[in-house]
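[1] model the following, please.
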Amino acid sequence: MANRAVPLANTEFYDRFLPVPPEAQRPAKHDQSTLCRIFSVFKDAKRRAWKEEKVADTFVRCLGRLLGSELTVAQTETVNTHDLAPGMTFALSQHRYDADDLTKQKVDGAFFKSEMAPTDGRPHWADQLVTVEFKADSTNYDPYDDNPKKAMDSENKERKRVRGQIISYVELVFKKQHRTHLFLLVVIGKSFRVTRWDRSGTVVTPLVDYAAHPEVLYEFLWRVGVVAPETLGLDPTATPVRPDSPEYLLMDKMAERDESDLPAERRTVTEAESGNVFEYVRTAFRESLDEDWPRWKLSIPQEGGPAKEFLVGKPHFCAKGMAGRGTRGYVAIDLSGKTKRFVWLKDAWRTYYDLVESEGTVLQLLNRHKVVNVPTFVCHSDLPGQSTRTPEIWDLNYERRKSAQAAAQPATNVPSTSTVPRRASTQTPGASPSFSSSLKRARSDEEERLDMPPPPPPNRADTTGVESSQDVCPLRRHIHYRLVVEEIGRPLHTFIDGHHLVSVIYNCILAHQEAVEKTNTLHRDISGGNILIYPCIVYDKVSRVKRIALRGLLTDWELSKDIARGPRPRAARLPERTGTWQFMSVFLINEPKKAVDIPDELEAFFHVLLYYSVRYLRSNCQDVPLYMEHYFEAYRIENGQYQCGAGKSSTMENGRLKISDKNGYLQFNSPIDRILQVWLGLLKAHYEVRRYEQRRKATPPSSEGQGASQKRQSYGEVDEPPVVNPNFISVLSRAPTPHPPSPDVHLDAQRLATHQDIVFLVYMCLQEDPDAGLPCPWPLDDKVEDQYPPTTKKRLATAPTELLERDSRSKRRKVESIASFSTASHSVPVRSSVQSVKSSTDSRPDSGYASGSVPLLRHGSNT
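    Sure thing, here's the model as predicted:
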């Protein structure tokens, strides 16, 4: 989460994020001398030698003294904080992890509602209200730096490690609960910080010596106890389903096996079976009812009517990391109708910018125009009052700094005094924080760390000509959003054979074509994770029976864009490019400012077909993992920016799928070879035309003026050659010069401007049309086991994990988001691995589905 921490003084932090309710009654305060005496133990000269556990125990004992009691060692595990934090109990959990936590994380402690406070010394992530982490009294254990000349997210190795550890705790709380934000108290010896986490970043208070200023800590703890649960970050639209409730019993009943359920396989169905549930859907819902996971009733507000409600268990997909959309996908029970049904519910923090439509709005448009093979809209809504606030504080600091610089400019050119480093020992706790590290410096720091350089400020309708904070804020803005659709699909890797794989992708190309031609909507994120297999019942007009067809479904339209021509208002849109690394076109990867167009999308479909063919079909490729890394995941860095790897780039340039010097070119011995060959030929022509246009634009201008026509005078510096060979003149005439592509190449490149030719190519090969020139028929047994399983050890320096993850659209993540904000392990040598908990979860497409036997749809699985 590098460069996502934003400073804010304690007093303003409390007033903005923990406002005191009018009805709250302040208890009789301890006087300053009493508070200082209670915490005076932290002034012990030996405290710097204290371990983390000693700091925690001593801190809890001080809390006990604030409440008028002396605690024994045995009593420090749980403290009922009474009037200190009304209704709250503090519990330590340094030594034990939750039984169902596979990551085995053990946070030091947390505040709980007294009736929910644990007594077993475990974290109980699902019930924590305010998380607490203790560290020994050392600067190296402070995850943040108050020095305004440096980034607040310190680059010190040990401090990054601590920050990564804290991030993993925050991520787990968000995973187990439905939250808008989380407060986390960091106690470092005799000092503390308060942090507030949301999907955009972290607001951080300065380091305060609570032995010298205990009233600052006291105020935070009291406010935590008197504010409403939603002020502490609990989502009011998510209600726990208790075991004795009718909803709980309904969930159990609908999870029971039903003999009438249909298998997801090709077969005929009777009229009576037409409305039955598919087996894999009910199985998926049953597997979501984990006894160690809470059940929830989620509400979605509806304009002009009551909110719709849905019952969910454990999510079947949960995006990794904290920054971003944090997408979760559920098989849910729709409670709105008399007959309860299973639906797919997507819960995400969508990006919130001008001209960025919600996914539900796009699906309504597609459904209204009868676009085929896309999800069927049920309902959606942004959740009122639930947007990220960290960018708001960034804007506030930016405007303050800009005003201060403007005020100081006429008076003097002497550097502002705000550049003096802030120190915890000298800072007044309530003082407004300094924020003097300039935007220019921050961006050069990003470039030095080999991150993706930030995009230019987006155009806005600003007639003043002065940049606003929203133009330059590096933090994405998110709003909490829920979407429900009818279809519950299966991942692409569950295809039957090569013919089925191609037919599923063909279905989605048709969906993409109709979306463009009927609604001017471009998907902009074609990937393997967004192409699903959906079993549906269709009527066969020839045999006059109903059959189960396993069709392709193109999902996740949240990054789509209206490409209708005509003037558009100047406004901020999504500030970063979109796509999934493995499937993005070479041009999109190498040119971040390039707008996505139809050729880019058709190239992405090509990469999806190639990816799943190599990984799951029989071929002459003898080292599939190496080929996958080389083609889909390799990268290079140029001018501080991630660029496409050599495998994909050379394939587009040469038009050949080379696997090695020994084995030659990739072959499947099926019609897929013909599809790839023709399709790649068109892509090669497309790149040849584009490269020629780029070279022509980059040609330096010819010399002009008087000197250009003058003959250079000889000074006798160049001797004549002993032998002059007149035949060499013909060689000079053959010197390479940039010739324009031939008319045929231009024609082939133009074929990718629309879908028509690719659709026709794939259709003819699927139908085994004689005119397709197929070298062989479609085999029936060409699918094999996964040849690139998640456990494969990487041998190349592949693109950073957050570029390869399904949830990560941004190619501009900071180094630390690579290293610690996502808990996955990484292998690129330019990073240091600082996370405290590593996950074996695969970062490639098709990983992250529900555990168990039934892989599921991931609408918007992001970030």
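[2] host element of residue 24?
    Under the criterion DSSP states H and E, no helix or strand holds residue 24.
[3] residues touching it, list them.
    With contact taken as Cβ atoms under 8 Å, 6 or more residues apart in numbering, residue 24 is in contact with residue 226. For glycine as for every other residue, the C-beta is placed from the backbone atoms N, C-alpha and C.
[4] check it and give its pLDDT.
    For residue 24, the pLDDT comes out at 85.
[5] state the phi and psi torsions of it.
    phi -70, psi 140 (degrees, to the nearest 10).
[6] neighbours of residue 749, how many?
    20 (other Cβ atoms under 10 Å).
[7] SS state for it?
    Here residue 749 is recorded as helix under DSSP: H, G, I helix; E, B strand; the rest coil.
[8] which residues does it contact?
    Counted by Cβ under 8 Å, 6+ apart, residue 749 has contacts 682, 685-686, 688-690, 741.
[9] did I read that right, residue 192 in a helix?
    No. Remark: residue 192 does not belong to a helix; assigned using three-state DSSP, it is strand.
[10] distance of it relative to residue 94?
    Distance, residue 192 to residue 94, by Cβ to Cβ, to the nearest Å: 17 Å.
[11] and the two? which has more neighbours close in?
    It is residue 192, of residue 192 and residue 94, that has more neighbours when counted by other Cβ under 10 Å, with 23 against 17.
[12] so what's the residue count around residue 115?
    When neighbours are defined as other Cβ under 10 Å, residue 115 has 8 of them.
[13] ok but it is inside a helix, no?
    Yes. Counting by three-state DSSP, residue 115 is part of a helix.
[14] what pLDDT does it get?
    pLDDT recorded at residue 115 is 87.
[15] for residue 658, same thing?
    Here the pLDDT value assigned to residue 658 is 92.
[16] in what helix or strand does residue 681 lie?
    helix 672-698.
[17] please name the nearest non-neighbouring residue to residue 753.
    Nearest residue to residue 753 in three dimensions, chain neighbours excluded: residue 598, at 6.2 Å (Cβ to Cβ, 6 or more residues apart in numbering).
[18] isn't that neighbour right next to residue 754, touching?
    Yes. With contact defined as Cβ atoms under 8 Å, residue 598 counts as touching residue 754 (6.7 Å).
[19] thinking again about what came up before, tell me which other helices or strands the helix holding residue 681 touches.
    For helix 672-698, the packing partners by 3 or more Cβ pairs under 8 Å, 6 or more residues apart in numbering; DSSP states H and E come out as helix 498-519, helix 586-590, helix 598-616, helix 646-654, helix 743-750, helix 756-766.
[20] ok, the very next helix or strand once past the longest one: who's next to it in the sheet?
    Same thing as helix 498-519. Heading C-terminal from helix 498-519, the first helix or strand you meet, by DSSP H and E, is strand 521-522. Using DSSP bridges, the strands paired with strand 521-522 are strand 561-562 (antiparallel).
[21] what's the partner strand in contact with?
    Identification of contacts with strand 561-562 by Cβ under 8 Å, 6+ apart yields 357, 519-522, 524, 596.
[22] can you add pLDDT, distance to residue 547 and neighbour count and give those back as JSON lines?
    Output for these, formatted as JSON lines (pLDDT from 0 to 100; distance: Cβ to Cβ, whole Å; neighbours: other Cβ atoms under 10 Å):
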{"residue": "357", "pLDDT": "88", "distance to residue 547": "36", "neighbour count": "17"}
{"residue": "519", "pLDDT": "96", "distance to residue 547": "29", "neighbour count": "18"}
{"residue": "520", "pLDDT": "96", "distance to residue 547": "34", "neighbour count": "13"}
{"residue": "521", "pLDDT": "96", "distance to residue 547": "30", "neighbour count": "24"}
{"residue": "522", "pLDDT": "95", "distance to residue 547": "33", "neighbour count": "22"}
{"residue": "524", "pLDDT": "93", "distance to residue 547": "34", "neighbour count": "23"}
{"residue": "596", "pLDDT": "92", "distance to residue 547": "36", "neighbour count": "24"}
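[23] out of the residues you listed, which is nearest to residue 317?
    Nearest to residue 317 among the contacts of strand 561-562: residue 524, at 20.6 Å, using Cβ to Cβ.
[24] separation between the closest one and residue 346?
    18 Å.
[25] how long is stretch 5-18 from one end to the other?
    For stretch 5-18, the first-to-last residue distance is 19 Å (Cα to Cα, to the nearest Å).
[26] could I get the buried residue list for it?
    5-14, 17-18 (16 or more other Cβ atoms under 10 Å).
[27] pLDDT and neighbour count for the contacts of residue 749 - can I get that in CSV?
    Formatted as CSV, those follow (pLDDT from 0 to 100; neighbours: other Cβ atoms under 10 Å):
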residue, pLDDT, neighbour count
682, 97, 23
685, 96, 22
686, 96, 25
688, 94, 20
689, 94, 17
690, 91, 17
741, 91, 17
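[28] turn those residues into JSON lines, columns for distance to residue 484.
    Below are the contacts of residue 749 laid out as JSON lines (distance: Cβ to Cβ, whole Å):
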{"residue": "682", "distance to residue 484": "39"}
{"residue": "685", "distance to residue 484": "43"}
{"residue": "686", "distance to residue 484": "39"}
{"residue": "688", "distance to residue 484": "46"}
{"residue": "689", "distance to residue 484": "44"}
{"residue": "690", "distance to residue 484": "41"}
{"residue": "741", "distance to residue 484": "49"}
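[29] residue 353: which of those is nearest?
    residue 690 (28.7 Å).
[30] that closest one and residue 585 touch, don't they?
    No. Between residue 690 and residue 585 there is no contact under Cβ under 8 Å: 10.4 Å.
[31] overlap in contacts, those two.
    In contact with both residue 690 and residue 585: no residue, using Cβ under 8 Å, 6+ apart.
[32] compute the number of surrounding residues for the closest residue to residue 217 other than its chain neighbours.
    Closest residue in space to residue 217, ignoring its immediate chain neighbours: residue 210 at 4.3 Å, by Cβ to Cβ, 6+ apart. Counted by other Cβ under 10 Å, the residues lying close to residue 210 total 23.
[33] let's have the contacts of strand 561-562 in TSV, adding distance to residue 124.
    As requested, those are exported to TSV (distance: Cβ to Cβ, whole Å):
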residue	distance to residue 124
357	40
519	48
520	50
521	45
522	46
524	41
596	45
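[34] ok, residue 179 - contacts?
    173, 233-235.
[35] most neighbours out of those residues, which is it?
    Busiest of those [other Cβ under 10 Å] is residue 173, holding 24 neighbours.
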